[in-house]
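J.: Below are the sequence and a predicted model for it; my questions follow.
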Amino acid sequence: MDSPANPTMATTHRWIKLSIATLFISGISAFFIFGGDDFLSLNALRDNRDALLSYTQEHYTRALLLAILIYAVATAMSFPGATVLSLAVGFLFGRWAGTAIILIAATLGATLVFLAARYLFADTLRKKLNSGMAAKLIKGFNDDALHYLLFLRLVPIFPFWLVNLAPAFTPIKVRTYVLGTIIGILPGCFIFANLGQSLGRIESLQQLLSLETLLAFALLGLFALVPVMIKKLRKPVMNEDNQ
């Protein structure tokens, strides 16, 4: 926290916050200015898959580290194209190594943007989010942070970038956020890495997820909320017993 009694520390914090904000704004701007969205497309991936595969086979360790770095940065910057990146990783490294790469990189990127958002904005926004639905959301994370996060991660109706940012403005602990992210995104990591092996047969991103797969994710998300519902149902009973 900034303190008037320590103006040097306060100034340092302001410069750090300004630097972080500038880094994110510059990175996102550069991505679109230099046509990053064209590179992170299914057509670009299919057009360059032979060259990418050849490079990966010749420089496996370097390609693996680059894949983790690129995926983590793309996640932290909330660049569009995470699905294409996941397919590329699955295609280049296979379902098992691909799953591990996506899981590590996505968790790292999500944690970085979570920490940045909490450091930059959490104190200011938390004071304003003290009523209505926002207050209920914060209370939900405070009561059962892990299961709420698992629900948000598993149900595919919530954008990944939003789920990365929203918990930063709640009291969730960093280790809980990391654990919930790892568990919550693991099924999706495996699915996309596995689909990456079928890259030649995929004509559009709409082909990737069937209705059955989406329903499975939704059921997993609801299952994650079961402990929360049980706790809520037990409270009235416990209150009656105490009367």
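T.: Thanks, I have it.
J.: pLDDT below threshold where in this structure?
T.: For the chain, the stretches flagged by pLDDT under 70 are 1-5, 123-137, 140, 156, 198-243.
J.: just checking, what packs against the longest helix anywhere in it?
T.: Longest among the helix segments of the chain by residue count, using DSSP state H, is helix 82-117. Other elements packing on helix 82-117 under the criterion 3 or more C-beta pairs under 8 Å, 6 or more residues apart in numbering; DSSP states H and E are helix 42-47, helix 49-58, helix 60-76, helix 160-165, helix 174-196. For glycine as for every other residue, the C-beta is placed from the backbone atoms N, C-alpha and C.
J.: May I see the buried residues of that helix?
T.: Across helix 82-117, burial judged by 16 or more other C-beta atoms under 10 Å covers 82-93, 95, 97-117.
J.: ok, back up a step: of all the helices and strands packed on helix 82-117, which lies closest to His147?
T.: Proximity to His147, assessed across those by C-beta to C-beta, is greatest for helix 174-196 (8.3 Å).
J.: thought Thr89 was touching Asn194?
T.: Heads up, residue 89 is Val, not Thr. No: look at Val89 against Asn194 with C-beta atoms under 8 Å: they stay out of range, at 11.1 Å.
J.: Phi first, then psi, for Pro171.
T.: Per-residue torsions, Pro171: phi -80, psi 10 (degrees, to the nearest 10).
J.: ok, it - how many residues close by?
T.: One way to gauge burial is a neighbour count; for Pro171, by other C-beta atoms under 10 Å, it gives 14.
J.: related to what we said a few turns ago, mind checking which of the helices and strands packed on helix 82-117 is nearest Phe31?
T.: Of all the helices and strands packed on helix 82-117, it is helix 60-76 that lies closest to Phe31, at 8.6 Å by C-beta to C-beta.
J.: could you measure the closest residue to Gly109 other than its chain neighbours against Leu165, distance?
T.: Distance criterion C-beta to C-beta, 6 or more residues apart in numbering; nearest residue to Gly109, sequence neighbours excluded, is Thr75 at 2.6 Å. Using C-beta to C-beta, to the nearest Å, Thr75 is found at 12 Å from Leu165.
J.: Same check on Lys17?
T.: Plainly put, Lys17 is 16 Å away from Leu165 if you go by C-beta to C-beta.
J.: Looking at the two, which one has more neighbours?
T.: Leu165 (18 against 15).
J.: What residues does that one make contact with?
T.: Neighbour list for Leu165: Val113, Phe114, Ala117 [criterion: C-beta atoms under 8 Å, 6 or more residues apart in numbering].
J.: returning to that earlier point: overlap in contacts, Thr75 and Leu165.
T.: The overlap between the contact sets of Thr75 and Leu165 (C-beta under 8 Å, 6+ apart) consists of Val113.
J.: Alright, calling it a day.
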